[in-house]
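J.: Starting from these lines, generate the structure:
(one chain, ligands or ions: 2)
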Amino acid sequence: MGETMVSPVLFALLRISSRLLSVPTSCWHCVRLRKVNSGNKATRLKVIPRDQHCISRQNISDNALKVMSRLRGGDYQAYLVGGAVRDLLLGGHPKDFDVATDATPEQVHALFRNSRIIGRRFRIVHVQFGREIIEVTTFRGHHDSDGEANTDKRSSHHSHQSSSGLLLRDNVFGTLEEDAVRRDLTVNALYYDSKSFEVFDHVHGLSDLERRTICIIGDPATRFREDPVRMLRVVRFAAKLDFKVDPDTAAAIPECAPLLAEIPAARLFDEFLKLFLGGYAQRTLQLLQEYQLLGYLFPDSVQHLERDTIAQTLVDTAMRNTDQRIRDDKPVTPAFQLAALLWPAVADLARELRERGEAPMVAIHSASQQVISQAAQNLSIPKRFSLPMRDIWEFQLRLERRGRKAAELVQHRRFRAAYDFLLLREESGEVADGHGAWWTEFQDLPENQQLLQISHEKEPRTRRRRKRRRSTTS
Ligand code: ATP
Ligand code: MG
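T.: Ligands and ions are numbered 1, 2, ... in the order given. Got it, this is the predicted structure:
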């Protein structure tokens with residue numbers, strides 16, 4: 001394999017805006033190029049030696065180092081890969097550490113008692129150390145477009161593709177080079193060898209890090225057809241890293257976006273969590289709207305946000321607040337974000353039901369139910385989130401009414417979230433009756449003063465139901 005020195009690559013312009021990636025920039029200066037044969041395609045492998053990049057073992061989880069060392073001891077290859085290498089090169093702190101190896105899932109499992117094989121579509125091994133999980137994946141290999149493996153390498157489970165190109169199963173194992181080109185984005189396909197301390201780059205990942213560009217590996221439309229979730233990943237990483245999207249990658253999105261409808265609601269919900277709870281929800285939402293992908297997650301919300309600036313402000317503010325809470329290390333719940341994203345649809349439907357004669361509480365209750373069951377067709381929202389969402393919505397009416405039960409409401413376990421939601425509605429200009437300020441003051445009063453204050457409050461008028469006369473004919 002020939003090796004050549006190439007001129008220094010300067011990364012002085014690498015401007016990292018996020019907190020995660022806020023540390024220094026110029027990590028690697030020169031690289032060696034090797035020609036590698038990967039299947040029938042020759043890829044150029046760049047090797048960056050230890051003294052030319054900023055990755056230090058000190059910043060790598062001890063457990064990940066242990067896993068790689070034991071794999072190597074078993075005569076297997078083992079590399080750190082994916083987000084960890086990307087974030088370390090950008091000077092940040094990875095949130096998890098993934099390892100790639102040529103050992104099959106069974107071979108990995110045999111090496112670690114604290115491991116289990118998971119997944120069917122994509123079999124991987126989780127090695128568990130207390131609360132930390134090191135995800136170990138076997139190098140993926142090439143397969144033909146008809147879904148049959150074109151290699152006979154150690155693949156006990158093969159790949160399977162739908163007629164539209166969707167990869168239903170991807171368990172064809174291969175070499176490191178093949179694995180690199182089967183990954184999603186160039187910046188996610190960098191490998192770090194914890195023994196030689198070198199970084200391996202087969203797909204121009206380094207230059208895309210330098211250009212601050214999110215670029216899909218291979219033909220974008222084909223890769224999106226194989227797995228439409230990659231479109232959401234493009235948006236997620238563009239938002240997280242504050243990178244631009246490569247024009248060819250972006251150009252394939254409109255044509256492939258409808259394929260997201262084929263993705264199971266459970267997987268989309270997992271992806272929703274990654275998109276909105278990673279600390280970059282506001283920018284992510286903006287990009288999902290820009291690339292017209294939001295409708296595959298929240299079809300009911302898209303039109304409301306397009307035509308109603310107050311609704312858009314409310315949702316933006318909710319996302320911005322969540323990002324801020326994550327930066328401040330405060331707890332966040334997807335229930336609050338979901339409540340905000342679906343509120344415009346709930347409020348609209350409740351208004352419609354009231355106009356048709358329903359009592360306000362009944363209207364909000366049945367609007368909540370309808371919107372949640374509609375949303376569940378795209379995202380399978382677990383009950384532990386949908387129940388608090390409903391409470392937050394239904395509470396709005398009670399907060400607007402105040403009344404003699406105010407002291408009890410303040411004690412309710414959902415009060416805080418519902419009150420924050422009311423403030424959000426006021427901040428966006430949806431309601432302007434000063435209820436938020438009233439509750440802000442009220443909740444801090446001593447109990448006796450609370451009681452005094454509510455004794456002056458008028459009881460809200462409730463509509464009496466007319467007793468229905470029993471029919472005598474039935
Ligand atoms: P982070 O963990 O910081 O969110 P990550 O890049 O590690 O980012 P993961 O979802 O943990 O993302 O995935 C690990 C790696 O697996 C990715 O970096 C990528 O190389 C590969 N990968 C994940 N999902 C896909 C996919 N849908 N198609 C191809 N490769 C993927
Ligand atoms: Mg990861």
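J.: Ramachandran angles for Gly82?
T.: phi 80, psi -140 (degrees, to the nearest 10).
J.: what about the closest residue to ligand 2 within the stretch 101-250 of the chain, which SS state?
T.: Closest contact between the stretch 101-250 of the chain and ligand 2, by C-beta to the ion, is at Glu135 (7.1 Å). The C-beta positions use only the backbone N, C-alpha and C, and glycine is treated the same way. The three-state label given to Glu135 by DSSP: H, G, I helix; E, B strand; the rest coil is strand.
J.: Test my guess that it contacts Gln128.
T.: No: at 10.4 Å, Glu135 and Gln128 do not qualify as touching, with contact defined as C-beta atoms under 8 Å.
J.: which residues touch the residue in the chain that ligand 2 sits nearest to?
T.: Ranking the residues of the chain by distance to ligand 2 (C-beta to the ion) places Gly83 first, at 3.8 Å. When contacts are counted by C-beta atoms under 8 Å, 6 or more residues apart in numbering, Gly83 touches 94-96, 98, 188.
J.: if you set the cut-off to 7 Å instead, what comes out?
T.: 94, 188 (C-beta atoms under 7 Å, 6 or more residues apart in numbering).
J.: For burial, what's the neighbour tally of Arg325?
T.: Residues near Arg325, counting by other C-beta atoms under 10 Å, number 15.
J.: dump the residue contacts of it.
T.: Contacts of Arg325 (C-beta under 7 Å, 6+ apart): Val332.
J.: ok, and the helix or strand in this protein with the lowest average confidence?
T.: In the chain, no helix or strand scores lower on mean pLDDT, DSSP states H and E than strand 3-5, which sits at a mean of 35.
J.: what does the stretch 151-300 of the chain put close to ligand 1?
T.: Along the stretch 151-300 of the chain, the residues adjacent to ligand 1 under the rule C-beta under 6 Å from any ligand atom are 183-184, 188-189, 227, 229-230.
J.: Quick one: mark the members of the residues you listed that sit in strands.
T.: Of these, none are assigned to strands by DSSP state E.
J.: Pick out the most distant pair among those residues.
T.: Using C-beta to C-beta, the two most remote members of these are Ala189 and Val229, lying 16.8 Å apart.
J.: Counting neighbours, go ahead and name the busier of those two.
T.: Using other C-beta under 10 Å as the criterion, Ala189 and Val229 rank with Ala189 on top: 25 against 19.
J.: Compute the number of surrounding residues for the closest residue to that one other than its chain neighbours.
T.: Nearest residue to Ala189, sequence neighbours excluded (C-beta to C-beta, 6 or more residues apart in numbering): Arg183, at 4.1 Å. When counting by other C-beta under 10 Å, one arrives at 25 neighbours for Arg183.
J.: Arg327 too?
T.: 12.
J.: can you check Asn63 too?
T.: Counted with other C-beta under 10 Å, Asn63 comes out at 18.
J.: residue contacts, it?
T.: Applying C-beta under 7 Å, 6+ apart, one finds that Asn63 lies in contact with 129, 132, 134.
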